[in-house]
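Student: have a look at this prediction, sequence included:
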Amino acid sequence: MNPTVANTHREQFAAIPAPERTLVKAIVGVALVALALGVVGGTVAALARAGFIEVDPNTGYRALTLHGVAVFFYWLFCVQAALLLALTSAELGGALVWRRAAWVGFGLMCFGLLISVSGVFVGLPALYDGTPELVSQTPRAMLAINSGYVALGTGLIMLPLPAIATLLASRRRAPQRRLSAVGFALFVWAGFLAVSGFAAVRAFLPGALWSLELGPFPASQGTDWHVVFHNMHYLPLMATVILWYVLMRELTGVKSVFGERFSKIVFSMYLVFVPPTSLYHMFLEPDLPAAVRVAGSLLSLFVSVPTLTAFLIIIASLELHARHHGGRGLFGWMRMLPWRHPATNAVAVAALSLGLGLSLAFVLIQEKLAPLLSDTFFVPGYFHFFTLGTVTLTLLAALAVVLPALGGRTVWRPEVLRWVPWAAFSGLLVFGLAGVGAGYLGVPRRVFAIAYQGQAPAAWRALMAAMGLGGTVMALALTVFAAGIAVALLPRPGAVRTGAPLTVAWGGAALRPGAAAWVGPVSVLAIVAAMFLFTAIGFELMRALPVTGAGGAGH
């Protein structure tokens, strides 16, 4: 098969009006700045936890706070907003309705980033959740962090409005024309972003008012935080599967073999399954009734349903089309994917990371294990498979496709950049598995000095050293990948050499009847088996510990 360029979205992105291009590029630029700040903070924290560098506790906690604030709040939400607006404009082929509202929302998010980062260095470091009891003695710190999050939340309410208004306007202009699966997904995504913004304002506004002596102490912020955290946890996963769906079409020309209606049902499942499952984030609350704990465990089993279903749709569609074009063997057909494109490699790593993340997350959603593991290094160990391996690499993969189409400049050396996600994955495997093992053995997640006057097990230090080594490789690879993609933001210096085609075109041909796709179901079975394996290991190791304890603050 001779690959040809698959122009599915590329001309649409290139046709986006200049004001929309400027807006999208500006948001992406700020998002990448937030990612850079978060990587610096995370690297310092990892090196300190590993014992490779010595920092005083306050410096360590400031680095950890900077990491969480910059990555978990601003990188993830800014880049989602940019991609939402770019895809909406490209999908409908025109200018955004209410574009000024997007600029106002973007300005609020920039203000929030500035204030939140400044708050990291004021008073006591409050970590990314801004626990009121922790910073109650330094109201200025609470004011900085909470007001920054309020500005971010307000921006998130405003910024998706142009996407919603544009999609609705298209329906008004042509009532007989239905939204495509991507258009429907963008509508759900925009609504979810706005709801998350409202939840953030509701959670952090009381603390900001208290610090200004305009309201009572925010004693209920912890409960409101669980709702915010749950939305922030799963909204990027929904964005991830939407982007996989779009990237599959862009890189291979393949559409879902199940049809657009079924894809819309899958995207709607996030609205059905995600909101009720937030109970498991509250397992560490001491007064949570036993019945609620059991209900939370049962409900949490459904949270991965839409993500796994979307994964099955995408893998099955790719496999069937590849086999139709000559692909052979259980995994041999994968050689026909456009591996020369950095985005393909990033999405492949994201899919592998998702499988590992889901397998480990199953351990933490069980009410018997959650109190024992939630305040250990198990949490950052498993969580980075989601935040970095799955979500961040998918978002960067989308930028690697969208930015060159918007500006005409290619990413830096795609023949080199395509290998970088695998380097990040190697570091992630060491970081994540060492962190999970450390968590099983009781290493605390937010304590920098873990020697405990020489009483700590020797395995703790070895596992933390492995974590630091893996984290360093992971951070360096992520920096190179993001910087290589950021090159596409620079002005185009005349003609740019695009090189050989990096995509393939499989779409359009009818599939052979009776074709079968096995990789998706086999992958899901492997994930289920890994869930039970990691759970069994957890229970056995927990029984072996001399002391059992419960955590206190949740995620």
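Tutor: Everything's here; your move. In this text the structure is predicted, and so the values were computed from the model without any measurement.
Student: does Gly67 count as helix, strand or coil?
Tutor: To be clear, residue 67 is His; Gly isn't right here. Secondary structure, DSSP: H, G, I helix; E, B strand; the rest coil: His67 is helix.
Student: next up, the contacts around it.
Tutor: His67 is in contact with 38-39, 41-42, 45, 128, counting by CB atoms under 8 Å, 6 or more residues apart in numbering. For glycine as for every other residue, the C-beta is placed from the backbone atoms N, C-alpha and C.
Student: out of those residues, who's nearest Gly471?
Tutor: Taking CB to CB as the measure, Gly471 sits nearest to Gly42 out of the contacts of His67, at 7.2 Å.
Student: the closest one contacts Trp75, doesn't it?
Tutor: No - counting by CB atoms under 8 Å, Gly42 stays clear of Trp75, with 11.2 Å between them.
Student: more neighbours, the two?
Tutor: Trp75 (28 against 24; other CB atoms under 10 Å).
Student: quick check, the more buried one in a strand?
Tutor: No - under three-state DSSP, Trp75 sits outside any strand and is assigned helix.
Student: quick one: low-confidence parts of the stretch 351-500 of the chain?
Tutor: Applying pLDDT under 70 to the stretch 351-500 of the chain flags residues 366-368, 492-500.
Student: mind doing that once more with 50?
Tutor: 495-500 (pLDDT under 50).
Student: could you find the closest non-adjacent residue to the spatially most central residue of the chain?
Tutor: Central residue of the chain (CA atoms, centre = their mean): Val391, 3.2 Å from the mean position. In space, and not counting its chain neighbours, Val391 is closest to Pro236: 4.3 Å by CB to CB, 6 or more residues apart in numbering.
Student: can you tell me the closest non-neighbouring residue to Ser170?
Tutor: Nearest to Ser170 is Leu92, by CB to CB, 6+ apart, at 5.1 Å.
Student: if I look at the one you found, what pLDDT would I see?
Tutor: Leu92 is assigned 79 on the pLDDT scale.
Student: residues in contact with it?
Tutor: 166-167, 170, 183.
Student: next, the buried residues of stretch 158-175.
Tutor: Neighbour counts over stretch 158-175 (16 or more other CB atoms under 10 Å) mark 158-167, 170 as buried.
Student: I'd like the average pLDDT over it.
Tutor: 85.
Student: send me it as CSV with only the CA atoms.
Tutor: Extracted in CSV, the C-alpha atoms of stretch 158-175 (Å, rounded to 0.1, in the frame of the first residue of the first chain):
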residue,chain,number,x,y,z
MET,A,158,-17.3,32.1,29.5
LEU,A,159,-14.8,30.6,27.1
PRO,A,160,-16.9,27.6,26.0
LEU,A,161,-19.9,29.9,25.3
PRO,A,162,-18.7,30.8,21.7
ALA,A,163,-18.4,27.1,20.9
ILE,A,164,-21.9,26.4,22.2
ALA,A,165,-23.4,29.4,20.5
THR,A,166,-21.7,28.5,17.2
LEU,A,167,-22.9,24.9,17.2
LEU,A,168,-26.5,26.1,18.1
ALA,A,169,-26.3,28.8,15.4
SER,A,170,-25.5,26.1,12.8
ARG,A,171,-28.5,24.2,13.8
ARG,A,172,-30.7,27.3,13.5
ARG,A,173,-29.4,28.1,10.0
ALA,A,174,-30.0,24.5,8.8
PRO,A,175,-32.6,22.7,11.1
